[in-house]
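Peer 1: test case, fold it:
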Amino acid sequence: MKSHTTSHSELEQIAQRMNTKADWKQLHLPQEQVTLLHQITDHVKQRNRIIEGFGLPGKMKRGVGISALFAGKSGTGKTLAAQVIANDLKHDLYRIDLSAVIGKYIGETEKNLDRLFDAADDSNAVLLFDEADALFDKQTDVKDALDRYANMPITYFLQRIESYQGLVILSTNSKESLDKAFLRRIRFIVDFPAPKRDERKKVWKKDF
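Peer 2: Numbers count the residues shown, from 1 in each chain. You can find the predicted model right below:
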């Protein structure tokens, strides 16, 4: 098993390590969204207790992953929410640009994903994938071999999420463009609404 230091070093070659000092008081969201974010955090904590309490790490390879989709326009608090959750969990947070992971050739995307998740496996870090639309846009109808290969990275990525023992967060500015079959595989979906005029005023008064 790799040391945490080695894992973090390898991750930082692929992803951006982010500040995780934000707390729940800094979130300016409706109560429904805040409650759901707390549920995600509690779910990860309980899952970790079960896995560690029963000595299951290394034995469970499928179904242990927890995934969340944060959907909303830029500036609605998706990244801040990821920072708050990572801080609460006392885990590191890494942001990955999915558009940079996607390869031009058959099998290249899977190799990039392998490198990423292999580096993250021993770190227990929270992984934030930006621009989920880049990989999870509506899947191609399989009409020939090229279409089948085009859909393979999506299936492979979902398999890696399900076996990853940390939390995976995907963010998107356009949930409606995502394939419904993919959305059904995500455990939590949080919609981040644009703040209304009164809410924006409260944010400015509180922050400044």
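Peer 1: contacts for the helix or strand hosting Ile40, please.
Peer 2: Ile40 belongs to helix 31-53 when elements are defined using DSSP states H and E. For helix 31-53, contacts defined as Cβ atoms under 8 Å, 6 or more residues apart in numbering pick out 24, 27, 29, 56-57, 60, 64, 66, 68, 81, 84-85, 88-89, 165, 167, 187-188, 190-193. In this view, the C-beta of every residue, glycine as well, is placed from N, C-alpha and C.
Peer 1: kindly calculate the angle that the helix or strand just after it makes with helix 31-53.
Peer 2: Scanning forward in sequence from helix 31-53 by DSSP H and E, the next helix or strand is strand 66-71. Between strand 66-71 and helix 31-53, the angle comes out at 160 degrees (axes from the mean of the first three to the mean of the last three Cα atoms, to 10 degrees).
Peer 1: what lines up beside strand 66-71 in the sheet?
Peer 2: Applying DSSP bridges, strand 66-71 is found paired with strand 167-172 (parallel), strand 188-191 (parallel).
Peer 1: most packed of those strands?
Peer 2: Stretch with highest mean neighbour count among the strands paired with strand 66-71: strand 167-172 (a mean of 26; mean count of other Cβ atoms under 10 Å).
Peer 1: averaged pLDDT, that one. What do you get?
Peer 2: Strand 167-172 shows an average pLDDT of 94 in the prediction.
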